[in-house]
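Participant: Turn this into a structure:
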Amino acid sequence: MLKTLAALALLAGSASAAAAGCTVELDGNDMMQFDKKEIVVDAGCKDFTIHLKHSGKLAKNLMGHNVVVAKAADLQGVATDGATAGLDHDYVKPDDARVIAHSKVVGGGESATVTFAADKLAAGGDYAFFCSFPGHWSVMKGTIRRN
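Facilitator: The predicted structure is shown next:
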């Protein structure tokens, strides 16, 4: 009985450890900065969640932030097309096949969450996360990779 309980406790610990590697907190501010330059998705994740928080004070139409995940080679094209899509579309071209995932645009004090299938990121692939608000993508970006 004790061995069974110990095995269950070990399994529960493994599941919570895997879940801990399947989510990340990302903060953006009024200085056009994310608090992370790299996000690592654990190989054991089925789904991956990014919790975006805007710690600034400015409204989303002035200094809004979102988080977009795409191949690094597609970053500039996705951002350029997103700028023309406008705030009503969260600065992401509708049905853009290059976009792996994206959150809504949030303003100061707001937050958003986006969850996507982790297998959309190939191990060893070259991916980026960035803010597609016009003009932000050149500085508000980082790498995202799957172990």
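Participant: list the buried ones in stretch 120-128?
Facilitator: Using 16 or more other CB atoms under 10 Å as the test for burial, stretch 120-128 gives 121, 127-128. Where you see a C-beta, it was placed from the backbone N, CA and C, and this is true even at glycine.
Participant: Check stretch 54-71 too.
Facilitator: Buried-residue list, stretch 54-71, by 16+ other CB under 10 Å: 54-56, 60, 63-71.
Participant: Same check on stretch 126-139?
Facilitator: Buried positions in stretch 126-139, judged by neighbour count with 16+ other CB under 10 Å: 127-133, 136-137.
Participant: Just the CA coordinates for it, please, in PDB.
Facilitator: The C-alpha atoms that make up stretch 126-139 are tabulated as PDB, following Å, rounded to 0.1, in the frame of the first residue of the first chain:
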ATOM      1  CA  ASP A 126      13.700  28.800 -35.200                       C
ATOM      2  CA  TYR A 127      10.700  30.600 -33.700                       C
ATOM      3  CA  ALA A 128      10.000  34.100 -32.400                       C
ATOM      4  CA  PHE A 129       7.500  35.800 -30.100                       C
ATOM      5  CA  PHE A 130       6.800  39.500 -30.600                       C
ATOM      6  CA  CYS A 131       4.400  42.300 -30.200                       C
ATOM      7  CA  SER A 132       2.700  43.200 -33.500                       C
ATOM      8  CA  PHE A 133       1.500  46.600 -32.400                       C
ATOM      9  CA  PRO A 134       2.800  48.900 -35.200                       C
ATOM     10  CA  GLY A 135       6.500  49.800 -34.600                       C
ATOM     11  CA  HIS A 136       6.900  47.500 -31.600                       C
ATOM     12  CA  TRP A 137       8.000  44.300 -33.200                       C
ATOM     13  CA  SER A 138      11.600  45.600 -33.900                       C
ATOM     14  CA  VAL A 139      12.300  45.800 -30.100                       C
END
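Participant: Would you map the helices across this structure?
Facilitator: Listed in chain order, the helices of the chain (DSSP state H) span 2-20, 60-63, 75-85.
Participant: Thanks a lot, catch you later.
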